[in-house]
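**Student:** Sequence unavailable; structure follows:
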């Protein structure tokens, strides 16, 4: 076992962690996947079951694990930002505290997101001054409580104590396969479009005029994985924060029609009002259960596949949001992906795995 290629992926069952684990294993890394309830989704992943809020649980689960690289890709959703800060900073602090005596960790990569620039969930773009776009890494922190900032600060403090280097990764909305993920627009839209197809309903845009007409971008989970690995193994990328998106831009006024064509449904654009998807999908839960049974799908529970609350937040923003990728591009990270292809490849995979009809 190479002592410099031992990865601990925290949140390995999620959309970011699962794709990162698969990439690391493909590249020959010994890869441990830590989560509360490990799944067997990724071949070659060594499961570690532990509760990040329980130091005793962590010490027992990690007693024989000496990672060279720790990749933190998870968080826990709470009712308020104060609770988000308390809980999610503890997740990072506890893990790095347990690993500290071993002195094996050389790099920690932390995944956060564009709420670094846009504000936390309970103040999402409602705090007075809208951010400049495209967002770039030089933008200062907002004068708001934000659990991303608290997680970063835990990494910085542990790095100063233990002498490892770090990287921070800020994706836009992530596209990729991860059943049960809390933030999964691709699967959410696939469920919605599948219901529209089955019931002969129009595929109605749920979001704002600004998002419908404005320029946007997204992040394929595989692109995020590539950047995390690149930053963890590239000296020039040490101790830096990086935005990460596919590299293309689009308008939802075009992409919505492309998704509709894939599913064979009628696209209806912005009509002057926001139509939250969470309310609509709640009303369709029984329909989804029937669809799942009729087509022999693996998930009859819609909530395991769709996360409409987060899709509503993203598509309901009052401004267009796009991301400056110059920083990592200049340092050599040039991986690119068409967002349309990201959606279609995900939909193909969901069909193949019998998650959608």
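**Tutor:** Structure received. Just so you know, these numbers come straight off a predicted model, no measurement behind them.
**Student:** What ranges in the stretch 1-150 of the chain fall below the confidence cut-off?
**Tutor:** 1-2, 121-129 (pLDDT under 70).
**Student:** any idea how far residue 63 is from residue 164?
**Tutor:** As judged by CB to CB, to the nearest Å, residue 164 and residue 63 stand 20 Å apart. Every C-beta, even on glycine, is put in place using the N, C-alpha and C of the backbone.
**Student:** who's more crowded, those two?
**Tutor:** The neighbour comparison of residue 164 against residue 63 (other CB atoms under 10 Å) goes to residue 164, with 23 against 10.
**Student:** give me every residue that touches the closest residue in space to that one that isn't next to it in sequence.
**Tutor:** In this structure, residue 164 finds its nearest non-sequential neighbour in residue 105, 4.9 Å apart by CB to CB, 6 or more residues apart in numbering. Contacts for residue 105 (CB atoms under 8 Å, 6 or more residues apart in numbering) come out as 67-70, 96, 99, 162, 164.
**Student:** okay, now the closest residue to residue 102 other than its chain neighbours: neighbour count?
**Tutor:** Nearest non-adjacent residue to residue 102, counting by CB to CB, 6+ apart: residue 66, 5.3 Å away. By other CB under 10 Å, 15 other residues sit near residue 66.
**Student:** Am I right that residue 66 is in contact with residue 6?
**Tutor:** Yes. Contact status for residue 66 versus residue 6: in contact at 6.6 Å, counting by CB atoms under 8 Å.
**Student:** shared neighbours of those two, anything?
**Tutor:** Taking CB under 8 Å, 6+ apart as the contact rule, residue 66 and residue 6 both touch residue 104.
**Student:** Check the nearest residue to residue 217 once chain neighbours are set aside and give its pLDDT.
**Tutor:** Spatial nearest neighbour of residue 217, excluding adjacent residues (CB to CB, 6+ apart): residue 245 at 4.4 Å. The score at residue 245 is 98. That number is its pLDDT.
**Student:** Count the residues that sit near residue 245.
**Tutor:** Neighbours around residue 245, by other CB under 10 Å: 28.
**Student:** Does it touch residue 323 like I think?
**Tutor:** Yes. Judged on CB under 8 Å, residue 245 makes contact with residue 323 at a distance of 4.6 Å.
**Student:** quick one: common contacting residues for those two?
**Tutor:** Common neighbours of residue 245 and residue 323 (CB under 8 Å, 6+ apart) are 172, 217.
**Student:** sorry, back to before: who's in contact with the residue nearest to residue 102?
**Tutor:** Counting by CB under 8 Å, 6+ apart, residue 66 touches 3, 6, 102, 104.
**Student:** Next up, the contacts around the residue nearest to residue 318 when sequence neighbours are not counted.
**Tutor:** Excluding its sequence neighbours, the residue lying closest to residue 318 (CB to CB, 6+ apart) is residue 210, at 5.3 Å. Residues near residue 210 by CB under 8 Å, 6+ apart: 317-320.
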